[in-house]
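[1] predicted model follows, preceded by the sequence.
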Amino acid sequence: MAGWWIPVGCQSVGVADTVSIERAANSEDRSPYPEFFPVRQSFQQHAIADIPAAVCATVAQSPLAQIQSGQRVAIAVGSRGIANLKTIVASVVQQVSDRGGRPVIVPAMGSHGGATADGQAAVLASYGVTPEQMGCPVEASMDTVLIGTTSDGVDVHFDRVASEADHVVVVNRIKPHTRLAGLYESGLIKMLMIGLGKHRGAYLYHQVFPNYDHRLELLAPEIVSMIMESVSIIAGIAIVEDAFENTSHIEAVASADFLTREPELLELARSRMPRLPFDHADLLIVDQIGKEISGCGMDTNVIGRKTNDRTAAPDEFPKIRQIYVRSLTEKTAGNGCGVGIADYGHRRMVNAINEEVTRINCVTSAHVTAGAIPITFDSDRDVLDAVVSQTQAERRSDLNWLWIRDTLQLSEIACSRSYWEAASQRSDLDLLGEPAPLRFDNSGDFASRLFS
């Protein structure tokens, strides 16, 4: 299937090095694994053609346009793999500079980057957000100032560098969060509280979130008010992406509108999210997870594990029985947060985990089970054998298996033969090939291409 994606973590091998399973329809007894076929999902695209122009236009209509010459403006940037982040941040820097402001970029990522200043600067650098590329300083510090204490006794910490600026701009993507629910999930409010709260603030908030059912709206109004009374939060640059990871909406939101506008943007983001094509699966194979993909490595909104790590809640979809994760992304730099959501893992994934980085992130987020090591095998075939041993399906053609690259890239996926009839009747699905058997190399891992 030329043009279809190649599984992550697999080396290119020749035909002579592969072990092919017979693809004949009458070979049910020759392989315990289902055949797979590739599918392309039809999502609407909403890509912004000229991002710098979009930033310029929205900034011109926001309080950010009123900054005075010589004022120091801290631009808060997080650790997520936001599409076009480098271009967006550079455009904001340019808008500040054009008005005579003195921009400085500050990492706003809680405990990420190993909870060190150098580590957080390195995270930004991995996205091209460097002093050389941005044309302004990047000042990373884990130091915070204590803004105050809430009526419930929660200390409110805020990045020291940002607190000393004349104004602060927060730049973040709006999207459903992997654990938080309600009016505010991932976005400007969360960055203001947790991202700029640094390690200390992030730790404190995550400890109390369970007391509020992980609903930021029960905490945010008081905390946001306290922050804005102490620091000049002039605006936020809210970003929404479509199902293809295109930047589909950029909006400069006045700080006074954060609490009312963000829920509206969250609904827009939710409507443009990618989804799996089917609501039930026995197994989901995930090629890679990482922090730039989702805070939990893989988006729990996509896999149906937002409420519980190992099963969907009664009203939650999709319902996936088991998940197999094959590797960590390079950009996650060993942060294995999210491996604990998987039921099975490949040895390469476990070997790539930086225990210290993962420990800090999972403890800080009060989601320690996210770092638990799943049952691990040395090859893909060993994992599939274990999965098959756990199923009650009488025939391999009855196994409902899905295979994705990661939870951000869902336009093209692989489905087991059991979905063929349903997929054939869907106008939003483009079948890219016939069902074909899995192929393995001599080590028992998937061959470099799924289909011959």
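    Happy to help now that I have it.
[2] so in that sheet, which strands flank the strand or helix carrying residue 402, and in what orientation?
    Assigned by DSSP states H and E, residue 402 falls within strand 401-404. Paired strands of strand 401-404, with direction, are strand 280-286 (parallel), strand 412-416 (antiparallel) (DSSP bridges).
[3] please name whichever of these is nearest to residue 56.
    Residue 56 lies closest to strand 412-416 among the strands paired with strand 401-404, at 34.1 Å (Cβ to Cβ). (Each C-beta comes from the backbone N, C-alpha and C, glycine too.)
[4] picking up where we left off before, buried sites along the strand holding residue 402?
    Using 16 or more other Cβ atoms under 10 Å as the test for burial, strand 401-404 gives 401-404.
[5] give me the number of residues near the closest residue to residue 354 other than its chain neighbours?
    Leaving out its chain neighbours, the residue that sits closest to residue 354 by Cβ to Cβ, 6 or more residues apart in numbering is residue 334, at 2.7 Å. Close neighbours of residue 334, defined as other Cβ atoms under 10 Å, add up to 17.
[6] so who does residue 334 touch?
    With contact set as Cβ atoms under 8 Å, 6 or more residues apart in numbering, residue 334 has these partners: 328, 352-354, 357-358.
[7] nearest to residue 180 among those residues?
    residue 358 (20.5 Å).
[8] what is the burial count for that closest one?
    Residue 358 has 24 neighbours, counted by other Cβ under 10 Å.
[9] any idea how far the most centrally placed residue in the chain lies from residue 59?
    Nearest residue to the geometric centre of the chain (Cα atoms, centre = their mean): residue 294, 1.8 Å. Going from residue 294 to residue 59 by Cβ to Cβ, to the nearest Å gives 28 Å.
[10] cool, and residue 225?
    According to Cβ to Cβ, residue 225 and residue 59 sit 25 Å apart.
[11] quick one: which of the two has more around it?
    A direct count of neighbours by other Cβ under 10 Å for residue 225 and residue 59 places residue 59 higher, at 24 against 12.
[12] of all the contacts of residue 334, which comes closest to residue 68?
    Taking the contacts of residue 334 together and measuring to residue 68 by Cβ to Cβ, the closest member is residue 357, at 40.6 Å.
[13] and the closest one, backbone torsions?
    phi -60, psi -40 (degrees, to the nearest 10).
[14] list the contacts for it?
    Counted by Cβ under 8 Å, 6+ apart, residue 357 has contacts 114, 119, 333-336.
[15] which stretches of the chain form helices?
    For the chain, helices defined by DSSP state H occupy the ranges 51-60, 85-98, 117-126, 131-134, 160-163, 188-190, 198-208, 220-230, 258-271, 300-303, 347-351, 355-364, 380-389, 420-424.
[16] of all those, which one comes closest to residue 150?
    The closest of the helices of the chain to residue 150 is helix 220-230. By Cβ to Cβ, the value is 5.3 Å.
[17] quick one: average pLDDT of that closest one?
    For helix 220-230, mean pLDDT is 97.
[18] do the same with stretch 60-76
    On average, stretch 60-76 scores 97.
[19] what residues does it touch?
    Residues outside stretch 60-76 that contact it (Cβ under 8 Å, 6+ apart) are 59, 89, 92-93, 95-96, 99-108, 159, 161-162, 164-172, 191, 195-196, 234-235, 252-255.
[20] repeat for stretch 256-269
    Under the contact criterion Cβ under 8 Å, 6+ apart, stretch 256-269 has outside partners 173-176, 183-185, 187-189, 192, 220-221, 224, 233, 236, 238, 240-241, 249, 251, 253.
[21] hey, C-alpha coordinates of that stretch in PDB?
    Taking C-alpha atoms only, stretch 256-269 is exported to PDB below (Å, rounded to 0.1, in the frame of the first residue of the first chain):
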ATOM      1  CA  ALA A 256     -11.000  40.200  31.200                       C
ATOM      2  CA  ASP A 257     -12.700  37.700  28.900                       C
ATOM      3  CA  PHE A 258     -10.700  34.600  29.800                       C
ATOM      4  CA  LEU A 259     -13.300  33.000  32.000                       C
ATOM      5  CA  THR A 260     -16.200  33.600  29.500                       C
ATOM      6  CA  ARG A 261     -14.500  33.100  26.100                       C
ATOM      7  CA  GLU A 262     -12.500  30.000  26.800                       C
ATOM      8  CA  PRO A 263     -15.500  27.700  27.300                       C
ATOM      9  CA  GLU A 264     -16.800  28.800  23.900                       C
ATOM     10  CA  LEU A 265     -13.400  28.000  22.300                       C
ATOM     11  CA  LEU A 266     -13.300  24.700  24.000                       C
ATOM     12  CA  GLU A 267     -16.500  23.700  22.300                       C
ATOM     13  CA  LEU A 268     -15.100  24.700  19.000                       C
ATOM     14  CA  ALA A 269     -12.000  22.600  19.700                       C
END
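[22] how far does that stretch sit from its chain's centre?
    Relative to its parent chain, stretch 256-269 has a centroid offset of 19 Å by Cα atoms, centre = their mean, to the nearest Å.
[23] got the buried residues for that stretch?
    Neighbour-count burial for stretch 256-269, with 16+ other Cβ under 10 Å as criterion, is recorded at 257-259, 261-263, 265-266, 268-269.
[24] hmm, back to that, tell me the two of the contacts of residue 357 that are most distant?
    In these, two members sit farther apart than any others by Cβ to Cβ. They are 119 and 336, at 15.4 Å.
[25] which one of these two is surrounded by more residues?
    Under the neighbour definition other Cβ under 10 Å, residue 119 and residue 336 were set side by side, and residue 336 has more, 29 against 20.
[26] quick check, the more buried one in contact with residue 351.
    No. Residue 336 is beyond contact range of residue 351, at 10.4 Å (criterion: Cβ atoms under 8 Å).
[27] return the member of the buried residues of stretch 256-269 nearest to residue 379.
    Nearest to residue 379 among these: residue 269, at 38.0 Å, using Cβ to Cβ.
[28] show me the contacts of stretch 60-76 that map onto strands.
    102-107, 159, 167-172, 234-235, 252-254 (DSSP state E).
[29] of those, just the buried ones, PyMOL syntax please.
    Buried members of those, defined by 16+ other Cβ under 10 Å, are picked up in PyMOL with:
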select buried, resi 102+103+104+105+106+107+159+167+168+169+170+171+172+234+235+252+253
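[30] now stretch 78-90: buried residues?
    By neighbour count on 16+ other Cβ under 10 Å, the buried set for stretch 78-90 is 78-86, 88-90.
[31] kindly report the same for stretch 219-239.
    Of the residues in stretch 219-239, 219-220, 223-224, 226-228, 231-239 count as buried by neighbour count, 16+ other Cβ under 10 Å.
[32] nearest to residue 43, out of the helices of the chain?
    Closest approach to residue 43 among those (Cβ to Cβ): helix 258-271, 11.0 Å.
[33] hmm, back to that, dump the strands paired with strand 401-404 to CSV, plus distance to residue 126 and mean pLDDT.
    Below are the strands paired with strand 401-404 laid out as CSV (distance: least, Cβ to Cβ, whole Å; pLDDT from 0 to 100):
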stretch, distance to residue 126, mean pLDDT
strand 280-286, 21, 97
strand 412-416, 25, 96
